[in-house]
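J.: Just need the structure, nothing else, for what follows:
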Amino acid sequence: MYVLSTNPHLPVYSIDPDGTGNSQFRVYTFEGSLPNQSDLLIPHRKDHYLLVFIRRASSRQWIDMTPYELKDNTIYFSGPNHIIVKEGFTQLWSTGIAFTGEFLSLQENASLSRLPLIQNPQNGHELLLTNPDIVFVEEMLSQINREYRQPGEWQQRMLTAYLTVLLTYLSRLYSEQFPATETSADTLLLKQFQAKIDTYFQQIHEVSEYASMLNLSAGYLSEVVKNQSGKPAIKHIHERLVLEARRLLFHTNNSLKEIAFDLGFSDASYFNRFFKRETRATPAEYRATIRKMYQ
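T.: Predicted coordinates for the structure are as follows:
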């Protein structure tokens, strides 16, 4: 279920109640299934918090223009208004918990909204787990899932109790993995660069042009972006182009020439070479593969 935001191209998804009828809290379980094709490669926001324990996956998702290669036995989390894109088409083994701000605002849950994991002051979205952490998280998720499937007068309190323990435990990990620091000028510059890419990637493909927009030299911008993100500035541009190309190949019937033009490539053959270099498959091969997968 979703409602449109003020931007008609960016849907905002709400919790879609399952058989329990709960619209403020939901548990999701994937056991080797493929993700829902309807929101794959579609940039969107959620109006709720989402916490996912990935047991096994080999795909990628984007949160606020940062791509995350999903790691096994790792927690990923996001809150309302983060821009999310699910890029992968592979099988997924995971358990997710979704809950709204309204759920957190209930009297017995009020303190949860102040936890570091919920506040997310360092804008982190990935928590690495040790073996003891994995055992603990699995136990808490099992307890939450069991209560979620057993409606009754004590269900709300039990869910809140287990969720409080889990979020408190993960907030301790968050504080260890994302120690409080002042946001540096270089970090802000990376965010500005990513925001510019998201706005202009269809028209501008060169680092030097983004540097001019930011009143910087291309060399300085490249150095800062590489130091902050671990990858070259041009890679950020190419990843955003590939993401949009995949979206168009999957969700539209546009010709390869039309897609190349939409992405700012004047030559379809160059777009073909670019896409194959970045993904190891031609656009036509990619389209055929994903459509066969979802037939």
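
J.: C-alpha from now on. contacts and neighbour counts both.
T.: Will do.

J.: Does whichever helix in the chain runs longest pack against any helices or strands, and if so which?
T.: The residue-count maximum for a helix in the chain (DSSP state H) belongs to helix 155-177. Contact here means 3 or more CA pairs under 8 Å, 6 or more residues apart in numbering; DSSP states H and E; on that basis helix 155-177 packs against helix 116-119, strand 126-128, helix 131-148.

J.: Least confident of those, on average?
T.: Mean pLDDT values for these show the minimum at helix 116-119, a mean of 94.

J.: Serialize the helices and strands packed on helix 155-177 to a markdown table and add fields for mean neighbour count.
T.: Output for the helices and strands packed on helix 155-177, formatted as a markdown table (neighbours: other CA atoms under 10 Å):
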| stretch | mean neighbour count |
| --- | --- |
| helix 116-119 | 19 |
| strand 126-128 | 18 |
| helix 131-148 | 16 |
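
J.: Out of the ones you listed, which is closest to Trp62?
T.: strand 126-128 (11.5 Å; CA to CA).

J.: re earlier: quick check: angle from the longest helix of the chain to helix 131-148?
T.: Counting by axes from the mean of the first three to the mean of the last three CA atoms, to 10 degrees, helix 155-177 points 160 degrees away from the direction of helix 131-148.

J.: Quick one: residues in contact with helix 155-177.
T.: 108-109, 112, 115-117, 127, 137, 140, 143-144, 147-148 (CA atoms under 8 Å, 6 or more residues apart in numbering).

J.: For that helix, which residues meet the burial criterion?
T.: 155, 159-160, 162-164, 166-168, 170-171, 173-174 (16 or more other CA atoms under 10 Å).

J.: and if you look at stretch 267-275?
T.: Counting neighbours by 16+ other CA under 10 Å, the buried set in stretch 267-275 is Ala268, Phe271, Asn272, Phe274, Phe275.

J.: Same question for stretch 199-213.
T.: Phe201, Gln202, Ile204, His205, Val207, Ser208, Tyr210, Ala211.

J.: Got phi/psi on Arg247?
T.: Torsion angles at Arg247 (phi, psi; degrees, to the nearest 10) stand at phi -60, psi -50.

J.: burial count for the closest residue to it other than its chain neighbours?
T.: What sits nearest to Arg247 in space, not counting adjacent residues and going by CA to CA, 6 or more residues apart in numbering, is Leu41, at 5.1 Å. Using other CA atoms under 10 Å, Leu41 is surrounded by 23 other residues.

J.: Now do the same contact list for Leu41.
T.: Leu41 sits next to Val85, Lys86, Glu87, Leu243, Glu244, Arg246, Arg247 when contact means CA under 8 Å, 6+ apart.

J.: shaky segments in the stretch 51-200 of the chain?
T.: 107-110, 182-183 (pLDDT under 70).

J.: which non-adjacent residue is nearest Gly88?
T.: The nearest residue in space to Gly88 (CA to CA, 6+ apart) is Ser59, at 4.3 Å.

J.: mind checking the SS state of Gly264?
T.: Look at Gly264: counting by DSSP: H, G, I helix; E, B strand; the rest coil, its state is coil.
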